[in-house]
Every structure is written in C-alpha cells, then in structure tokens.
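Chemist: Quick one, what's the 3D model for this:
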Amino acid sequence: MTLHPKLPLQILEAQTEVIKEENIKAENLRGMDKAFEVRPDGTCCIKNQSWLPLFGNLRVLIMHESYKLKYSIHLGSDKMYQDLKKLYWWPNMKANIAEYVDRDSYFTYRFWQSMQSALGNQLDMSMAYHPQTDRQSERTIQTLEDILRAYVIDFRKGWKRHLPLVEFSYNNSYHDSIKAASFEALYGQKCRSPICWAEVRDIQLKRLEIIHETIKKIVQIRQHLQASRD
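Modeler: Here you go, the predicted model:
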C-alpha cells in the first residue's frame, strides 16, 4: 500500500504563509529559523525534523492523529513525544503535548465522574497499574489492556475487525523499555503512516555490516531491558 498524504503540502503552505514578515514574529522561534534547512520538496526542517508552525493548526492535527486515531494510539505524553520528536519540531513541543494529553485525560475523568454520579455511584480513579510481581510484565499487560479497552469503546460491535490495528499501533509506538518502537528495533525503521510520511529508502548493506548492526541493536535492547527491570 502506498500512502499519498496531504500533510507535506499542508506543512509547505503553512510555512510559506508564516515566513512572511508580518507573521514570523508570532511564531516565537527565538532565532531557531536561522538553523532551518530546506528539503527538496521546499519544506523547512531542523536536523531532519519538519518545522510545524502555528498557522494552519497543524500541531493540533498531528497530536490528534498520533493520540486518537485507530492506527496510532498513545496512553501517555512521554511516549507520544518520543515518537513525534523524531519527525517534527516546534517551540515548547514537549510541554504542548503534555498539556494536550492531560486535558484529554481530564475531560475523560469528568465524563465518567458525571455519568457515575447520575447513576448514584461514586467513582474513584486509581493509578494505571500497581506492580506487585514483575514490573515489566505488569506494565506491558496494563498497556495492552488500556489500548484494547480504548478500541472496544471506540469501535464497539466492530472492535474485532480492528484488532490488527491494535497490534500495528503497539508495535509502531515508542517503548521506554527498549528506547524505540518494536518495528524500529526489528527492521531499522518505523512503518509508514499518515503522520510518518518520510520516503522509505532501500538500504543496501554488506552481509557483515548487517550482522554487526543486528548485534549492536540486540546489545542495546538488552541493556535497556535490564535497566527497566532494575
């Protein structure tokens, strides 16, 4: 399947509008615009991260696509930030993502609180998980449980048909234990999606280089897993 997203064109149009003298001050770039590089498609980037200006509401669009849609779901701001920062950049990006996720969590809490109150029940929200045995296993199980619950709520009777998307979303998302997405650790890059639209290039490596690269990844993953257990 080949994706033909409109996002690169939207970014180019927004950047073109913002760079105008009467608009650039509102972006609060703090001189970072001097570090911009121009890609062949005309978009500006910093260290290969696409610059998302305020104009066009692209930041909210990207956060919504990454947080809510069925091919990509995040249960916390840190994982979402780790995924997005490889592709995009804007001032105060980490704080904006945390605010977006926290606001969504707050409204979700208020919704369930109001509904339970109307039914005459008292709702007490607890921590996401309470590690009592193996912390790594507990985290993984709880993450998968939360993702499945979100999909069942969103798709209801049709949730079974969307189970492959759960697997894709989980494997294509950042994992703190290995400091990468599962697909990235296994194949060297994440799978393409509407928010990850960079060109996929065939990388030709010699046999020994492939072996050394694989061993290096395995060592790094083992180190990260050991650190997460300690």
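Chemist: any idea of the mean pLDDT for stretch 14-32?
Modeler: Per-residue pLDDT values over stretch 14-32 give a mean of 79.
Chemist: Any buried residues in that stretch, and which?
Modeler: Buried positions in stretch 14-32, judged by neighbour count with 16 or more other Cβ atoms under 10 Å: 14-15, 18, 27, 29. All C-beta atoms are positioned from the backbone trio N, CA, C, and that covers glycine.
Chemist: So for stretch 38-57, first residue to last residue, what's the gap.
Modeler: 21 Å (Cα to Cα, to the nearest Å).
Chemist: Go ahead and name everything in contact with that stretch.
Modeler: Contacts to stretch 38-57, defined as Cβ atoms under 8 Å, 6 or more residues apart in numbering, come from residues 8, 10-15, 17-19, 23, 26-27, 32-33, 35-37, 58-59, 62, 85-90.
Chemist: can we see that at 6 Å?
Modeler: For stretch 38-57, contacts defined as Cβ atoms under 6 Å, 6 or more residues apart in numbering pick out 8, 11-12, 14-15, 17-18, 27, 35-37, 58-59, 88-90.
Chemist: go on, stretch 20-27?
Modeler: 18, 53.
Chemist: Can you get me the start-to-end distance on that stretch?
Modeler: Taking Cα to Cα, stretch 20-27 runs 11 Å from one end to the other.
Chemist: follow-up on the earlier one: tell me which of the contacts of stretch 38-57 is nearest to R103?
Modeler: Nearest to R103 among the contacts of stretch 38-57 is R59, at 13.8 Å by Cβ to Cβ.
Chemist: Excluding chain neighbours, what is closest to that closest one?
Modeler: Counting by Cβ to Cβ, 6 or more residues apart in numbering, L52 is the residue found nearest to R59 once chain neighbours are left out, at 5.2 Å.
Chemist: For H64, see how far away that neighbour is.
Modeler: Look at L52 and H64: by Cβ to Cβ, to the nearest Å, they are 13 Å apart.
Chemist: The two: which has the busier surroundings?
Modeler: With neighbours defined as other Cβ atoms under 10 Å, L52 and H64 compare such that L52 has more, 26 against 14.
Chemist: per-residue pLDDT, that one?
Modeler: 91.
Chemist: Next, give phi and psi for it.
Modeler: Per-residue torsions, L52: phi -100, psi 110 (degrees, to the nearest 10).
Chemist: cool, the one 5 residues further on as well?
Modeler: Backbone torsions for N57, taken as degrees, to the nearest 10, come to phi 60, psi 30.
Chemist: got it, and Y88?
Modeler: According to degrees, to the nearest 10, Y88 has phi -130, psi 160.
Chemist: Specify the beta-bridge partners of it.
Modeler: Beta-bridge pairing of Y88 under DSSP bridges involves S50.
Chemist: Now for it, how many residues are close by?
Modeler: Y88: 21 neighbours (other Cβ under 10 Å).
Chemist: wait, what's in contact with it?
Modeler: Taking Cβ under 6 Å, 6+ apart as the test, what Y88 contacts is 49-50, 52.
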